[in-house]
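K.L.:
predicted model and sequence follow; I will ask about them next.
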Amino acid sequence: MDIKTINRFEKAQAKTLPAFAKLSLALLFIVVVFLWAYASHGNLPNNTFLIIGAVFGAYMAMNIGANDVANNVGPAVGSKAMTLTSAIFVAAIFEALGSFIAGGDVVKTIKDGIINPALISNPEIFIWAMTAALLSGALWLNFATSIGAPVSTTHSIVGGVMGAGIAAAGFSIVDWGTMGKIVASWIISPLLGAIVAAAFLYFIKRQIIYKENVIEASNKFVPILIAFMAWSFTTYLVLKGLKSIIDVNFITSSLIGLVVSILVYVFVKKIVSKSSLKLANDRKSVNTLFNIPLIFAAALLSFAHGANDVANAIGPLAAINDAIMNSEISGKVAIPFWVMAVGAFGIVVGLVLYGPKLIKTVGSEITELDQIRAYSVAMAAAVTVIIASQLGLPVSSTHIAIGGVFGVGFLREYLDLNEKRFLQETRKKFKRHKRELDFMQDELDRLESIKDKSKTHYIKIVELYKKIDEREDLVKQERKDVKDAKSTKYVKRDAIKKIVAAWIITVPAAAILSAAIFFMIKGIMVTA
């Protein structure tokens with residue numbers, strides 16, 4: 001998606017839904033959550049923090065929708081496989097479905113075992129800590145979204161829980177082994193995502209784009225690529241998105257994915273074969289074959305994201321609810337439906353109101369994406385999670401997706417080294433063929449100027465016309481090749497610096513902010 005298109009959308013959106021209106025709608029959602037929490041829990045003792053927690057949970061969920069969902073639909077929008085409006089519509093539906101259907105009845109409220117809640121003996125202090133974690137995670141996400149930096153919502157809430165935990169019980173409460181894995185994920189996630197995305201893009205270039213007969217190569221490999229996409233996304237969905245409904249191992253989920261991929265291959269093979277009859281023998285035509293798969297990928301990624309990351313908003317809220325209801329601290333708690341609804345609807349509200357900013361960043365501000373590159377990024381998102389889960393490696397879906405975008409961009413830069421050589425050679429051939437064309441044109445003019453032409457003259461004139469036509473076509477193609485090689489886009493370095501810096505400071509920034517909020521709450525409650 002080019003910048004002009006995005007700017008036109010943003011101007012149109014600003015006219016129909018100005019900043020004040022978006023803020024008003026966001027506040028309206030928070031007020032509704034507040035009123036519901038107060039009306040349904042007003043008779044509970046110590047209900048103040050449950051109501052506050054519900055408000056902060058709603059705020060956190062909206063920030064997740066504004067920041068994190070862009071990773072699922074940004075590449076599809078950037079490649080023009082989907083419009084921004086349709087992407088938001090699809091993502092909103094599937095995020096909500098993922099949250100409600102597969103969000104899970106039980107979650108680890110202390111995310112990834114980051115702290116040991118047994119070291120906090122007082123339920124009230126634990127409630128203060130979870131409240132601080134929610135607010136700090138939400139504030140950090142809000143700031144990251146405002147500067148257009150896609151960050152990990154999981155790391156935001158982990159930093160919040162860690163900071164509040166340290167403030168409540170000291171550094172010994174933190175599981176530093178888990179923290180080490182999180183730090184490792186800053187490197188592992190984008191690196192794996194970049195490698196997988198670049199590998200898929202390189203395969204497509206070598207097996208399809210660089211072939212003389214692109215349509216024939218597409219008929220052979222596009223159905224295989226889409227079938228593999230079906231396998232990876234089905235496996236990913238069963239392993240991660242539906243784990244609270246059906247708990248199966250990798251082999252079982254892979255076999256389910258294999259059955260789906262075979263069916264998809266048979267179906268897609270016929271469609272691609274039929275579509276190829278109407279396509280031109282160029283890359284632009286091949287790109288159109290990936291439009292529908294990218295829409296499905298955006299929907300499935302949104303579903304899996306809703307199922308997994310809704311816990312980042314409602315996990316601490318569920319912990320607060322359980323601590324107030326039972327006057328004790330638990331590592332795992334049941335999630336009431338109203339808590340799940342706060343998370344699900346909050347993500348949707350945040351996506352609709354503030355999601356376009358980050359969709360723009362992911363889809364167009366890092367590197368230029370077309371459908372083939374967007375397909376490679378989507379494959380990185382699914383395949384990397386599958387590989388990492390089997391190897392026990394900590395990964396972040398946000399970092400994987402952005403790493404995938406980096407990967408396709410840097411691959412293009414690498415290949416451009418060859419394209420520069422190609423450009424130099426093409427220029428040489430262009431100049432030589434242009435000189436030859438001019439020479440033939442001069443010879444043709446000389447022969448046609450002869451008044452008494454012999455049979456030999458006419459034969460030479462006919463041959464020259466044929467050669468000139470052939471050489472003109474060759475010169476036109478070489479001129480086009482030179483233009484294409486000149487127009488190669490690169491990864492934008494400013495975007496890399498901003499995003500990587502935001503990744504590195506997410507956990508410590510959220511932790512420091514959370515600790516400060518905890519001490520503020522403690523000071524207010526102790527003196528009250």
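P.N.:
Now that the structure is in, tell me what you want to look at.

K.L.:
show me where the stretch 151-300 of the chain has its helices.
P.N.:
Along the stretch 151-300 of the chain, counting by DSSP state H, counting those that start in this stretch, helices occupy 153-169, 176-204, 214-236, 250-275, 283-288, 291-326.

K.L.:
nearest to residue 39, of those helices?
P.N.:
Nearest to residue 39 among the helices of the stretch 151-300 of the chain is helix 291-326 (15.2 Å), distances taken as Cβ to Cβ. From N, CA and C alone the C-beta is placed, and that goes for glycine too.

K.L.:
secondary structure element for the nearest residue to residue 232 once chain neighbours are set aside?
P.N.:
Among residues not flanking residue 232 along the chain, residue 382 sits closest, at 4.3 Å (Cβ to Cβ, 6 or more residues apart in numbering). In this assignment (DSSP states H and E), residue 382 forms part of helix 371-391.

K.L.:
who does that helix touch, helix- and strand-wise?
P.N.:
Helices and strands touching helix 371-391, by 3 or more Cβ pairs under 8 Å, 6 or more residues apart in numbering; DSSP states H and E, are helix 70-78, helix 176-204, helix 214-236, helix 250-275, helix 283-288, helix 291-326, helix 397-449.

K.L.:
most tightly packed of those helices?
P.N.:
Counting by mean count of other Cβ atoms under 10 Å, helix 70-78 has the highest mean neighbour count of those, with a mean of 31.

K.L.:
on the three-state scheme, residue 369 is what?
P.N.:
Secondary structure state of residue 369, per DSSP: H, G, I helix; E, B strand; the rest coil, is coil.

K.L.:
for it, which residues are in contact?
P.N.:
By Cβ atoms under 8 Å, 6 or more residues apart in numbering, residue 369 lies in contact with 1, 75, 78-79, 363, 377, 405, 408.

K.L.:
out of those, which comes closest to residue 284?
P.N.:
Nearest to residue 284 among these: residue 79, at 12.0 Å, using Cβ to Cβ.

K.L.:
wait, doesn't that closest one sit right on residue 376?
P.N.:
No. In this structure, residue 79 is not within contact of residue 376 by Cβ atoms under 8 Å, at 10.3 Å.

K.L.:
how far does stretch 149-167 sit from its chain's centre?
P.N.:
20 Å (Cα atoms, centre = their mean, to the nearest Å).

K.L.:
before we move on, back to that, mean pLDDT and distance to residue 524 added to the helices and strands packed on helix 371-391, as JSON lines?
P.N.:
As requested, these are exported to JSON lines (pLDDT from 0 to 100; distance: least, Cβ to Cβ, whole Å):
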{"stretch": "helix 70-78", "mean pLDDT": "87", "distance to residue 524": "36"}
{"stretch": "helix 176-204", "mean pLDDT": "88", "distance to residue 524": "29"}
{"stretch": "helix 214-236", "mean pLDDT": "91", "distance to residue 524": "45"}
{"stretch": "helix 250-275", "mean pLDDT": "92", "distance to residue 524": "48"}
{"stretch": "helix 283-288", "mean pLDDT": "87", "distance to residue 524": "57"}
{"stretch": "helix 291-326", "mean pLDDT": "84", "distance to residue 524": "17"}
{"stretch": "helix 397-449", "mean pLDDT": "74", "distance to residue 524": "34"}
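
K.L.:
which one, of the ones you listed, ends up nearest to residue 517?
P.N.:
helix 291-326 (12.5 Å).

K.L.:
what packs against the host helix or strand of residue 143?
P.N.:
Using DSSP H and E, residue 143 falls within helix 123-146. Applying 3+ Cβ pairs under 8 Å, 6+ apart, one finds that helix 123-146 contacts helix 48-67, helix 153-169, helix 291-326, helix 337-360, helix 493-527.

K.L.:
output the shortest one in CSV with nothing but the alpha carbons.
P.N.:
Included here for helix 153-169 are C-alpha records, laid out as CSV according to Å, rounded to 0.1, in the frame of the first residue of the first chain:
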residue,chain,number,x,y,z
THR,A,153,2.0,-6.8,24.4
THR,A,154,3.2,-10.0,26.2
HIS,A,155,6.5,-8.3,27.1
SER,A,156,4.6,-5.2,28.2
ILE,A,157,2.5,-7.1,30.8
VAL,A,158,5.4,-9.3,31.8
GLY,A,159,7.4,-6.1,32.5
GLY,A,160,4.5,-4.7,34.5
VAL,A,161,4.1,-7.9,36.6
MET,A,162,7.8,-8.1,37.2
GLY,A,163,8.1,-4.4,38.3
ALA,A,164,5.1,-4.6,40.6
GLY,A,165,6.3,-7.9,42.0
ILE,A,166,9.8,-6.5,42.8
ALA,A,167,8.2,-3.5,44.4
ALA,A,168,5.9,-5.7,46.5
ALA,A,169,8.3,-8.4,47.6
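
K.L.:
what about that helix, distance to the chain center?
P.N.:
Mean C-alpha position of helix 153-169 versus that of the full chain (Cα atoms, centre = their mean) differs by 25 Å.
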